[in-house]
Structure formats: structure tokens, C-alpha cells
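>>> let me see the structure of the following:
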Amino acid sequence: MRHPESIRVFAPAKVNLALHVTARRKDGYHLLDSVVAFADVGDVLQARKADGFRLELAGPEAGALSADADNLVLKAAQALNNAWPETFGGCHFRLEKHLPVASGIGGGSADAAAALRAMIRLYGPPPVREPDEALFQIALEIGADVPVCLARHACRMRGIGEDIAPIAAFPELRGLLVNPRVAVSTAAVFSRLGLAPGGTGFPPLAEPLPEGNAETWLQWLMKQRNDLQSPACACAPEIAACLSLLKELPDVRLVRMSGSGATCFALFDDEAAALRAVRMVQNRCPQWWVAPVRLGDAAKRERGT
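Predicted coordinates for the structure are as follows:
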């Protein structure tokens, strides 16, 4: 099979529509129970075969990044090369950064997953009997959110990110993402949560997960939580201000923070209401990052199904 010499890969934003912290393991890792959907906004990664590995940064949000070996794009590519050096060669990446850095919508993890996908399309799958499982393990070693960003399905994600169950009929939800231009440390947010190692946390998602249309899902999501929202607001009061503003928007159905913050989302019944809300937020807080979004299954969206 002939593989292309260059490729362009979309890295969609990951949004935790609900995030319950159910326990903390003895090794310090927190266990989650979360519903994840993917937006139609994100970063763009261009990749071409090359000698060695190199990363070029571009885009409106690139200023907060460095192109050194610690960048997750290079870490992901190098991990594949280290595991199967006879299969995976070098790569020159160009990352167009559109998502805010350290913002709770999986930007770095999405970029790392995009690098893995790009390398597979450029060089082929790992030379093992179960390439998908091998790639999943590589992704998990890079970061807890990388496997779900690799799959790009609307899903229920549990554990530390290794237990991913796609949601077959997840609807497209309309809304907006807003980041008040403050970066928060994930470690600091979890620290304020105050769970002792080996201790239990908060109740998991309500069972069963709904089936049906957007209204059914909105009603169910309203009854869930993000357990990291309060500690994140304590770390950065700007998040609380953002949530308050979003709750004042006309026709808004649900307002919540994604992940460990600081990006928040607001959901609406239709695209027209969401676009009106975008204009209102931009007029009130022009310095904030604001984007209208469709939230759903990015993998299905890419296939046109």
C-alpha cells in the first residue's frame, strides 16, 4: 500500500459535558466518570515525512507553546518511532494552534492524538497483531486524555482515561465555548478537591445514560456535575465570572465548566440562539476566547455519517 508523503489532520476540542470524580487511587491518580463530546473547532496538524523530527508552530494561540521535545506532538511521534523504529521514520510537523493552552478542552492531548494519526497515515499501522490496542497503550502512556482524543467518539470515559465506551446515538448539541483567558493548573485544581490517596470520591454518573434526541440528553446532563468546577473557581475567580455571564444569556439551557478549566460551555436548543449568544459574549468581553460549536461525535462527523 502506498502512503502519502504529507497529510493534514484535524484535532478537535474535547469537552467534558459532565465530570464526576469517583475516587483517588493510592498512587495519587484520580478516577473519573465523564461524558465526553468533541467540537467542530480545534487545531490543525500538518505532517510530512522527513529526516528526524521537527515541529513548527503557527496560529493565533501558538504564542503560549514551545516547539521543544516536551511538546506532546513530538512526544507522540517519538514514542511511535521508539517502539517500532523500522516502521516509523521522521516527520516535520506544522501545528496551527487555535485552541487556548491549558484550558480544559484537551488541546495538547488532541494534538498528540493527531500526531499519532498522522504517523499512521504516513507510514502505516504498527507491525503487530493488534495494532489498535498497541496504539491505545502508546496513547495512554503519553497522557490520560490522549486515548479518547485518538478515538474522537462521543463517549463515557472512566478510570484515568483507559475505560472508553462510545455512545452510539449521541446527538449534535449546539452551543459555545468560552475561555476567560486564564490558565489553571490541573494539579492545583485536583489538589483543592482534597481527596486523600486511596479514598473514595463523589457519586458516579446517574444511570442509565439516556437514549434519544438532544432534549433528552440536555435534561439528563442538567442533573450531572463537574466536580472540578468549584475547586477551579477557587483557583481562578475569572472562571466563576465567566459562568455567571453565560448563565445570563437568553435561552441558555446548560452552563458548565469543561475538564479542569478554565474553558466553559453553554448549550442551546438551536444554532441561531448559540450564535446570538456568541455575539453578546464578544461584545461584553472582547478579550475572551469565544467559539460557536457543535458538540458530538467527531469521528462520525469526519466520515459524514
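
>>> Pro171 and Ala232, how far apart?
Using Cβ to Cβ, to the nearest Å, Pro171 is found at 27 Å from Ala232. Any C-beta I mention is one placed from the backbone N, CA and C, and that applies to glycine too.

>>> just Ala102 next, same as before
Separation of Ala102 from Ala232 (Cβ to Cβ): 12 Å.

>>> what do those two both touch?
Val184 (Cβ atoms under 8 Å, 6 or more residues apart in numbering).

>>> how about the CA coordinates for the helix or strand harbouring Leu17, as CSV?
When elements are assigned from DSSP states H and E, Leu17 belongs to strand 6-24. The C-alpha coordinates for strand 6-24 follow below in CSV (Å, rounded to 0.1, in the frame of the first residue of the first chain):
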residue,chain,number,x,y,z
SER,A,6,2.2,14.6,3.6
ILE,A,7,-1.1,14.8,5.5
ARG,A,8,-3.4,17.3,7.2
VAL,A,9,-5.2,16.2,10.4
PHE,A,10,-7.9,18.0,12.4
ALA,A,11,-7.5,17.9,16.2
PRO,A,12,-11.0,18.6,17.7
ALA,A,13,-11.5,20.1,21.1
LYS,A,14,-12.6,17.7,23.8
VAL,A,15,-15.4,18.8,26.1
ASN,A,16,-16.4,17.1,29.3
LEU,A,17,-20.1,17.7,29.4
ALA,A,18,-20.2,16.0,32.9
LEU,A,19,-17.2,15.0,35.0
HIS,A,20,-17.6,13.1,38.3
VAL,A,21,-14.5,12.3,40.4
THR,A,22,-15.3,8.9,41.9
ALA,A,23,-12.1,8.1,43.9
ARG,A,24,-8.4,8.7,44.2
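
>>> show me what counts as buried in it.
Applying a neighbour-count criterion of 16 or more other Cβ atoms under 10 Å, one finds 7, 9-24 buried in strand 6-24.

>>> mind listing the helices for the stretch 151-300 of the chain?
186-193, 214-221, 229-235, 237-247, 271-284, 298-303 (DSSP state H, counting those that start in this stretch).

>>> the ones you listed: which one's closest to Glu130?
Nearest to Glu130 among these is helix 298-303 (19.3 Å), distances taken as Cβ to Cβ.

>>> give the other helices and strands that the closest one contacts.
strand 6-24, strand 30-50 (3 or more Cβ pairs under 8 Å, 6 or more residues apart in numbering; DSSP states H and E).

>>> run the last query once more with 7 Å
Packing partners of helix 298-303 (3 or more Cβ pairs under 7 Å, 6 or more residues apart in numbering; DSSP states H and E): none among the helices and strands.

>>> now do that helix: everything it contacts.
Here helix 298-303 makes contact (Cβ atoms under 7 Å, 6 or more residues apart in numbering) with Pro12, Phe38, Asp40, Ala151, Arg152, His153.

>>> which residues does the fifth one contact?
Right, Arg152. Per Cβ under 7 Å, 6+ apart, neighbours of Arg152: Pro12, Phe38, Ala298, Ala299.

>>> could you identify which of those residues has the most neighbours?
Within these, most neighbours by other Cβ atoms under 10 Å means Phe38, with 32 neighbours.

>>> now stretch 283-296, how far from the centre of its chain.
A distance of 16 Å separates the centroid of the chain from that of stretch 283-296, by Cα atoms, centre = their mean, to the nearest Å.

>>> show residues contacting that stretch.
Contacts of stretch 283-296 with the rest of the structure, by Cβ under 7 Å, 6+ apart, involve 15, 37-41, 100, 154, 170-181, 245, 274-275, 278, 281-282.

>>> buried by neighbour count, from these: which ones?
Of the contacts of stretch 283-296, these count as buried by 16+ other Cβ under 10 Å: 15, 37-41, 100, 154, 170-180, 245, 274, 278, 281.

>>> okay, now the domains of the protein?
Following automatic domain parsing, the chain resolves into domains at 6-166, 173-303.

>>> give me whichever of those is most buried.
When those are scored by mean count of other Cβ atoms under 10 Å, the highest mean neighbour count falls to domain 6-166 (a mean of 20).
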